[in-house]
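Peer 1: Sequence below, structure please.
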Amino acid sequence: MTVLAGPTAVGKGSVAAQVRSRWPAVWISVSVTTRAPRPGEQDGVHYHFVSDAEFDRMVEQDELLEWAVVHGQHRYGTPRPAVERVLAEGRPALLEIDLQGARQVRRALPDARFVFLAPPSWEELVRRLVGRGTESEQERERRLATAKVELAAEQEFDVTVVNDDLEAAADRLVALMGITP
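Peer 2: Below is the predicted model of the structure:
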């Protein structure tokens with residue numbers, strides 16, 4: 001199990017999409033979230049979009065390996081049954097999650113490899129977030145404040161991959177997973 005985490009807008013989803021398209025043998029968890037889909041996102045592919053009531057049910061039934069409120073607004077979590085099935089099969093697996101989730105997974109799966117995805121610079125992180133154009137000014141400010149906290153947690157991870165080039169970052173990540181890029 002490899003856990004990929006990092007600050008907002010660092011490109012976790014883009015790196016995971018590269019891995020998904022170039023190394024189909026790697027299983028990538030699809031998180032559940034209570035937020036609405038962004039343009040182009042598909043339910044069951046990018047996320048499982050669920051209601052607050054369904055998320056509550058999943059928490060109560062212990063169906064999530066980890067979950068957290070992210071950016072003070074929406075909840076995200078990793079479905080436990082899928083992770084347990086893939087680990088039992090011995091397949092290479094990737095969780096793309098936030099810092100809070102990574103900390104919970106470290107407690108649940110201490111033998112997992114924890115990879116921090118870092119931006120090449122703070123300025124580039126801000127440029128990427130603003131360039132997405134999917135958040136309001138207030139939401140961007142909230143995400144940037146969270147990003148500062150997340151960047152400070154880099155030392156909690158086993159290794160850092162800088163996302164200075166999307167394909168190269170994906171290559172470095174799968175190499176860490178023991179897969180030849």
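Peer 1: where does this protein have low pLDDT?
Peer 2: Applying pLDDT under 70 to the chain flags residues 71, 181.
Peer 1: What does residue 77 show for phi and psi?
Peer 2: Phi and psi for residue 77, reported as degrees, to the nearest 10, are phi -160, psi 170.
Peer 1: give the contact list for it.
Peer 2: For residue 77, the contacting residues are 31, 32, 33, 55, 58, 59, 64, 65, 66, 67, 68, 101, by Cβ atoms under 8 Å, 6 or more residues apart in numbering. Yep, even glycine has a C-beta here, placed from its N, CA and C like the rest.
Peer 1: please redo it, this time with the cut-off set to 6 Å
Peer 2: Shown in contact with residue 77 (Cβ atoms under 6 Å, 6 or more residues apart in numbering): 32, 64, 67.
Peer 1: Grab the nearest non-local neighbour of the last one.
Peer 2: Excluding the flanking residues, the one nearest residue 67 by Cβ to Cβ, 6 or more residues apart in numbering is residue 77, at 3.2 Å.
Peer 1: Please tell me how far the one you found sits from residue 69.
Peer 2: For residue 77, the distance to residue 69 (Cβ to Cβ, to the nearest Å) stands at 10 Å.
Peer 1: And the strands in this protein?
Peer 2: Taking DSSP state E as the test, the strands found in the chain are 2-5, 27-28, 32-33, 48-49, 64-70, 74-79, 93-96, 113-118, 159-162.
Peer 1: Give me whichever of these is most buried.
Peer 2: Most buried of the strands of the chain, by mean neighbour count (mean count of other Cβ atoms under 10 Å): strand 2-5, with a mean of 25.
Peer 1: Output the contacting helices and strands for that one.
Peer 2: strand 93-96, helix 99-108, strand 113-118 (3 or more Cβ pairs under 6 Å, 6 or more residues apart in numbering; DSSP states H and E).
Peer 1: please redo it, this time with the cut-off set to 10 Å
Peer 2: Counting contacts by 3 or more Cβ pairs under 10 Å, 6 or more residues apart in numbering; DSSP states H and E, strand 2-5 packs against helix 12-22, strand 93-96, helix 99-108, strand 113-118, helix 166-176.
Peer 1: Mind putting the ones you listed into JSON lines with distance to residue 6?
Peer 2: Conversion of those to JSON lines gives the following (distance: least, Cβ to Cβ, whole Å):
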{"stretch": "helix 12-22", "distance to residue 6": "6"}
{"stretch": "strand 93-96", "distance to residue 6": "9"}
{"stretch": "helix 99-108", "distance to residue 6": "8"}
{"stretch": "strand 113-118", "distance to residue 6": "4"}
{"stretch": "helix 166-176", "distance to residue 6": "10"}
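Peer 1: So which of these is nearest residue 145?
Peer 2: Among the helices and strands packed on strand 2-5, helix 99-108 comes nearest to residue 145, with 13.3 Å by Cβ to Cβ.
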